[in-house]
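K.L.:
let me see the structure of the following:
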Amino acid sequence: MNLKQLALQPQQLAHAHIIEGADLPKVVESCLQFTALMLCSKRPLSSDTPCGQCQSCKLFAANNHPDLLSIGQEGLSVGVDEVRSIATFFSQKPHIAGRQIVLIYNADKMTESAANAVLKTLEEPTDNSFILLMSENRHNQVATILSRCQVWAIDIDQNTDLKVKFSDIPDYVVGYAAGVESKLERWCEDGDIEHFTAMYQTFIRWLKGQATADEFVEVSGKHAELNTFLLYLIERRIRQLMLKNVGQKAIDGHTKLTQYRLSRKEFHNLGAQVALITFIQELEYLIR
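P.N.:
Coordinates of the predicted model:
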């Protein structure tokens with residue numbers, strides 16, 4: 001949904017919200033738009049655009065609004081000390097906007113102690129105070145936090161739209177991005193598309209019996225994400241075979257894929273390479 005629509009009805013807002021979306025930059029952008037609307041003191045009630053001229057808007061634009069607290073922006077983890085600052089923040093009266101807003105970036109990375117501290121704050125809400133937890137997946141939050149929040153999902157872009165916007169990127173890379181535009185932008189900026197292309201070409205040669213399992217290890221070592229990208233290509237191939245009613249082999253291939261995904265976190269370095277080679281060899285008679 002569009003969070004701007006939600007900001008037009010503040011009387012219907014809960015104290016705490018989980019804003020969920022696979023494209024985190026898009027989640028952040030939506031939360032900031034929502035916050036700007038909520039803090040603006042001169043916007044017409046029916047307008048979904050902040051006035052940009054009032055004191056609140058100017059302080060928000062300068063990242064210096066006294067009624068807004070942002071934590072977790074570093075992205076590594078969200079610690080308990082940061083979260084405890086929320087209670088101190090809410091213990092004060094709003095200065096300008098008549099309401100207070102807390103933005104928790106990277107809420108999926110809260111430590112256990114931080115999550116417990118957030119829970120305590122949620123259990124003791126203050127008037128005209130709102131907490132927005134930004135998350136890739138609501139189920140990354142502990143059940144007690146999830147049960148006390150309204151959840152709003154930010155839609156990702158459809159692949160068809162991204163294929164138009166990124167027409168120079170192969171379809172298989174756009175599909176792998178799963179609608180997350182920021183990933184495609186980052187891969188373009190970092191020059192990663194050629195690595196994905198190399199893995200795709202190796203996979204096609206393997207399907208034709210022209211590449212060995214060892215070649216996948218060599219290619220995947222050139223970029224951290226290529227192993228996961230290979231699994232995406234394998235899954236796509238299995239899906240195609242199932243649509244063609246190939247039968248038991250495709251089902252067995254899917255079972256092997258699931259088993260490998262569950263076990264690969266247990267392997268490191270040389271063990272991971274051996275596991276990948278074994279997995280590919282097991283698939284040869286199933287999905288080629």
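K.L.:
all strands for the stretch 51-200 of the chain, in order.
P.N.:
Along the stretch 51-200 of the chain, counting by DSSP state E, counting those that start in this stretch, strands occupy 68-71, 100-104, 129-135, 150-153.
K.L.:
nearest to R264, out of these?
P.N.:
Ranking those by their distance to R264 (criterion: Cβ to Cβ) puts strand 129-135 first, at 24.8 Å. Every C-beta, even on glycine, is put in place using the N, C-alpha and C of the backbone.
K.L.:
correct me, but E282 touches K256?
P.N.:
Yes: the criterion here is Cβ atoms under 8 Å, and E282 meets it with K256 at 5.5 Å.
K.L.:
alpha carbons of the helix or strand containing S30, as CSV, please.
P.N.:
Assigned by DSSP states H and E, S30 falls within helix 24-39. Listed next in CSV are the C-alpha coordinates belonging to helix 24-39 (Å, rounded to 0.1, in the frame of the first residue of the first chain):
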residue,chain,number,x,y,z
LEU,A,24,14.4,-2.0,1.9
PRO,A,25,15.4,1.3,0.2
LYS,A,26,11.8,1.6,-1.1
VAL,A,27,10.6,0.8,2.5
VAL,A,28,12.8,3.6,3.9
GLU,A,29,11.6,6.0,1.2
SER,A,30,7.9,5.3,2.0
CYS,A,31,8.5,5.7,5.7
LEU,A,32,10.2,9.0,5.3
GLN,A,33,7.4,10.3,3.1
PHE,A,34,4.9,9.1,5.7
THR,A,35,6.9,10.8,8.5
ALA,A,36,7.2,14.1,6.6
LEU,A,37,3.4,14.2,6.1
MET,A,38,2.8,13.3,9.8
LEU,A,39,5.1,16.0,11.1
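K.L.:
for it, which positions count as buried?
P.N.:
24, 26-28, 30-39 (16 or more other Cβ atoms under 10 Å).
K.L.:
pretty sure M110 sits against V118.
P.N.:
Yes: between M110 and V118 there is a contact at 6.8 Å, judged by Cβ under 8 Å.
K.L.:
any shared contact partners between these two?
P.N.:
Residues within reach of M110 and of V118 at once, by Cβ atoms under 8 Å, 6 or more residues apart in numbering, are V83, I104.
K.L.:
who's in contact with the closest residue to C188 other than its chain neighbours?
P.N.:
Leaving aside its chain neighbours, C188 sits nearest to I169 (7.2 Å; criterion: Cβ to Cβ, 6 or more residues apart in numbering). Counting by Cβ under 8 Å, 6+ apart, I169 touches L184, C188, I193.
K.L.:
and the last one, how close does it get to F229?
P.N.:
To tie it back to what came earlier, the one meant is I193. Taken as Cβ to Cβ, to the nearest Å, the spacing of I193 relative to F229 amounts to 11 Å.
K.L.:
now do L241
P.N.:
Counting by Cβ to Cβ, the gap from L241 to F229 is 19 Å.
K.L.:
got it, and D81?
P.N.:
From D81 across to F229, the span is 38 Å (Cβ to Cβ).
K.L.:
check N116 too.
P.N.:
N116 is 37 Å from F229, where distance means Cβ to Cβ.
K.L.:
neighbour count: those two, which is higher?
P.N.:
F229 (21 against 15; other Cβ atoms under 10 Å).
K.L.:
pLDDT score for that one?
P.N.:
On pLDDT, F229 comes in at 91.
K.L.:
residues in contact with it?
P.N.:
Y176, F196, M199.
K.L.:
state the distance from the first one to N227.
P.N.:
Translated: Y176. 12 Å.
K.L.:
so which of those two has more stuff around it?
P.N.:
Legend: neighbour count by other Cβ under 10 Å for Y176 and N227, higher for Y176 (21 against 17).
K.L.:
mind pulling the model confidence for that one?
P.N.:
On the pLDDT scale, Y176 gets 86.
K.L.:
which residue is the nearest non-sequential neighbour of it?
P.N.:
Counting by Cβ to Cβ, 6+ apart, the residue nearest Y176 is Y232, at 4.9 Å.
K.L.:
show me just the buried residues among the contacts of I169.
P.N.:
Among the contacts of I169, those scoring as buried are L184, I193 (criterion: 16+ other Cβ under 10 Å).
K.L.:
ramachandran coordinates for A178?
P.N.:
Per-residue torsions, A178: phi 60, psi 40 (degrees, to the nearest 10).
K.L.:
for this protein, what spans make up the helices?
P.N.:
Assigned helices in the chain, in chain order: 3-7, 24-39, 55-61, 80-90, 112-123, 143-146, 159-165, 171-177, 181-190, 193-207, 213-220, 226-243, 248-263, 270-287 (criterion: DSSP state H).
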